[in-house]
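Predicted model and sequence below, questions to follow.
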Amino acid sequence: MLNLIPVDNRNQLNQPVRENQMIAAIDIGTNSLHMVIVKIEAALPSFTIIAREKETVRLGDRNLITGELKPEVMNKAIACLGRFKTLAHSLEVNNIVAVATSAVRESPNGKEFLHQIETELGLSVDLISGPEEARRIYLGVLSGMEFNHQPHIIIDIGGGSTELILGDSAEPRSLTSTKIGAVRLTGELVNSDPITETEFKYLQAYAKGMLERSVEEVQEKLKIGEFPQLIGTSGTIETIATIHAREKLGLVPSTFNGYQFSLQDLRIWVTRLRKMTNVERATIPGMPEKRSEVILAGAVILQEAMTLLGVESLTVCERSLREGIIVDWMLAHGFIDNRLRFQTSVRERSVLKIAKKYYSNLEHSERITAFALNIFDQTQGKLHYWNTDQRKLLWAAAILHNCGHYISHSSHHKHSYYLIRNGELLGYNETEIEIIANIARYHRKSAPKKKHENYRNLLHKEHRTMVNQLSAILRLAVALDRRRIGAISHVKCEYLPNFKEFKMFIFPSLIDDECALEMWSLDYKKGVFEEEFGLRFLATLMNKANFI
């Protein structure tokens, strides 16, 4: 079990968080909407689960032609979220952290749906990638199960995706997400009731084929002589455990944490389920409402995964994504430091990994990043009012702004956008990744324009303003290392609001260096900065001539 050890919050950049808060974590999944409400016990630190809520909404039942979420299903989901929010407030919850996964991230109108939720309910929902979902599942499992530094494979079968994770209490070795889930495969591949032999064989083959790549990735990360235990989470697996326990034990255990069943037991149940109609499956003792419609596809996914992995048994863990959201929140707010302390720096490591992957000149990028953050700090509260969170997004964009050179020098700023947007950065939600990618995109050439598709992806005016201002700062920072030799030592900024003037004093590393190329580049790039902040930009080189 995750050993939560307090950290000293005195050095936290964010404001201290009040102890013993109530936090609600909401998971907007393909099959169901879930909420868990916990009490954070900061002194320990740990959390106690106060309440759980679930409603089957089936967001994965999308328009077969357009792939969009259906209006009636979206309305049902919003009504459910409204009830969740009301309950959370009745229990005096301090913060609600909500994430959306497979169905929403794959739908053309997914972002509009999240915007509708925010407009109607005032509830902000983070859209997270498959690997980020896997990372938080890993955190959730570790909060409820002890790995003893031994390798474990976690499988989480959702409505639209299946996550396979390899870890051993420390940093996860592999985080994979495959686009197969109980709802998705049922909708796409099961058209008969009971399922025909032909359909069943195709269902098996399709699940196996889709899982092979993830299984290979996990197995490649295993060391010689390691035989990992398989841990299963979420609805499909808990349902199989429930019906298995009812038959074997004649009762449902008070908790399924640690409950085990074998691959042979699973195969027996798959054989039974495939011969039943939906109505017959619904009468199985322990079968939750509406789960009977999708349980066969989910069970087949699990059977094929276990077969490919070569494991003979599975151990159930009742904690998963929702609890992982809570642990991630606690890590982000400085409540815990532990043998998973690497998770507190997951963003930094993920950004640097992408930079290395695309052979970015890290020394050059770090100089530009230092200039960008320095300008940010010197202008905070004067030209802009962004805080620590936005400063971190600027950091990531500055480190990665030149990664597009990996594809081509021509239009490399546009390539940087694409690589960042699709680089599966961990620790960030989709909106944050979109902002980082846009800031990097506009470090050169055209200023942000509404006709640009990537800019239109920013649905909120606040996010567009953030990109406008932070990319303008990044442009100046890029100019300051034009020759890539560290010609500029540091800068000092001065804003004269009465005159609408912004002065930048440039200090060269060598007193005799006229820094002609850097000064020219600043003059060339200053226009976007001047227009964005409504001022006149003046740069002065503080070299030998200024002191004679």
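That came through fine.

Now do the helices in the stretch 51-200 of the chain.
Along the stretch 51-200 of the chain, counting by DSSP state H, counting those that start in this stretch, helices occupy 71-90, 102-106, 110-121, 130-142, 182-189, 197-220.

Sorry, wrong one. I was asking about the stretch 251-400 of the chain.
263-275, 278-282, 295-309, 321-332, 346-357, 362-379, 388-400.

pull the CA atoms of stretch 365-373 into CSV?
Extracted in CSV, the C-alpha atoms of stretch 365-373 (Å, rounded to 0.1, in the frame of the first residue of the first chain):
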residue,chain,number,x,y,z
SER,A,365,16.3,25.6,-24.9
GLU,A,366,17.2,26.0,-21.2
ARG,A,367,18.8,29.4,-21.8
ILE,A,368,15.6,30.5,-23.7
THR,A,369,13.5,29.0,-20.9
ALA,A,370,15.5,31.0,-18.2
PHE,A,371,15.0,34.2,-20.2
ALA,A,372,11.3,33.5,-20.7
LEU,A,373,10.7,32.8,-17.0
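
can you list the residues that contact the helix or strand of the chain with the lowest mean pLDDT?
In the chain, the helix or strand scored least confidently by mean pLDDT, DSSP states H and E is helix 346-357, which has a mean of 86. The contact list for helix 346-357, computed with Cβ atoms under 8 Å, 6 or more residues apart in numbering, reads 135, 342, 362, 365, 392, 395-396, 399-400, 403, 419-420, 423, 425-428. The way it works is simple: take the backbone N, C-alpha and C, and place the C-beta from them, glycine included.

Same check on stretch 166-175?
By Cβ under 8 Å, 6+ apart, the list of residues contacting stretch 166-175 reads 131, 134-135, 138, 142, 146-154, 163-165, 217-218, 220-222, 228, 339-340, 342, 426.

how close does the residue lying closest to residue 195 once chain neighbours are set aside get to residue 239?
Nearest non-adjacent residue to residue 195, counting by Cβ to Cβ, 6 or more residues apart in numbering: residue 274, 5.5 Å away. Computed as Cβ to Cβ, to the nearest Å, the residue 274 to residue 239 distance reads 16 Å.

Assign residue 494 to helix, strand or coil.
strand (DSSP: H, G, I helix; E, B strand; the rest coil).

right, and it touches residue 502 too?
Yes. Between residue 494 and residue 502 there is a contact under Cβ atoms under 8 Å: 7.5 Å.

For the helix or strand hosting residue 248, which helices and strands make contact with it?
Residue 248 is located in helix 235-249, with elements delineated by DSSP states H and E. Here helix 235-249 touches strand 152-157, strand 260-262, helix 263-275, helix 295-309, strand 313-316, going by 3 or more Cβ pairs under 8 Å, 6 or more residues apart in numbering; DSSP states H and E.

ranking those by burial, who's on top?
strand 152-157 (a mean of 26; mean count of other Cβ atoms under 10 Å).

now that strand, how far from the centre of its chain.
18 Å (Cα atoms, centre = their mean, to the nearest Å).

partners of that strand, with directions?
strand 162-167 (antiparallel), strand 229-233 (parallel) (DSSP bridges).

and among those strands, the most buried is which?
Ranked by mean neighbours (mean count of other Cβ under 10 Å), these are led by strand 162-167, with a mean of 26.

Hey, what's the angle from that strand to helix 235-249? Just curious.
80 degrees (axes from the mean of the first three to the mean of the last three Cα atoms, to 10 degrees).

got the angle between strand 162-167 and helix 197-220?
Using the same axes, to 10 degrees, strand 162-167 lies at 20 degrees relative to helix 197-220.

on that earlier part again, between the helices of the stretch 251-400 of the chain, which has the poorest mean confidence score?
Here the lowest mean pLDDT among those goes to helix 346-357, at a mean of 86.

What residues of that helix count as buried?
Neighbour counts using 16 or more other Cβ atoms under 10 Å place 346, 347, 350, 351, 352, 354, 355 of helix 346-357 among the buried residues.

Please name the residues that touch the residue nearest to residue 293 when sequence neighbours are not counted.
Nearest residue to residue 293 in three dimensions, chain neighbours excluded: residue 278, at 5.5 Å (Cβ to Cβ, 6+ apart). By Cβ under 8 Å, 6+ apart, the contact set of residue 278 is 193, 292, 293.

give the contact list for the second one.
Residues counted as contacts of residue 292 (Cβ under 8 Å, 6+ apart) are 278, 279, 281, 282, 284.

Could you do residue 469 as well?
383, 384, 386, 532, 533.

still on that earlier bit, settle it for me: which of residue 494 and residue 502 has more neighbours?
residue 502 (23 against 13; other Cβ atoms under 10 Å).

chain center to the strand or helix carrying the more buried one: distance?
According to DSSP H and E, residue 502 maps onto strand 501-508. Offset of strand 501-508 from its chain centre (Cα atoms, centre = their mean): 39 Å.

swap in stretch 415-434?
So, by Cα atoms, centre = their mean, the centroid of stretch 415-434 is 10 Å from its chain's centroid.

likewise stretch 273-289?
The answer for stretch 273-289 is 35 Å, by Cα atoms, centre = their mean.

what's the answer for stretch 64-71, then?
The answer for stretch 64-71 is 24 Å, by Cα atoms, centre = their mean.

what's it in contact with?
Here stretch 64-71 makes contact (Cβ under 8 Å, 6+ apart) with 59, 61, 62, 63, 103, 104, 106, 107, 108, 109, 110, 113.

PyMOL command for the buried members of these?
Filtering the contacts of stretch 64-71 down to the buried ones (16+ other Cβ under 10 Å) takes a single PyMOL command:
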select buried, resi 59+61+62+103+104+106+107+109+110+113
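
List just the nearest of the contacts of stretch 64-71 to residue 508.
residue 110 (49.4 Å; Cβ to Cβ).
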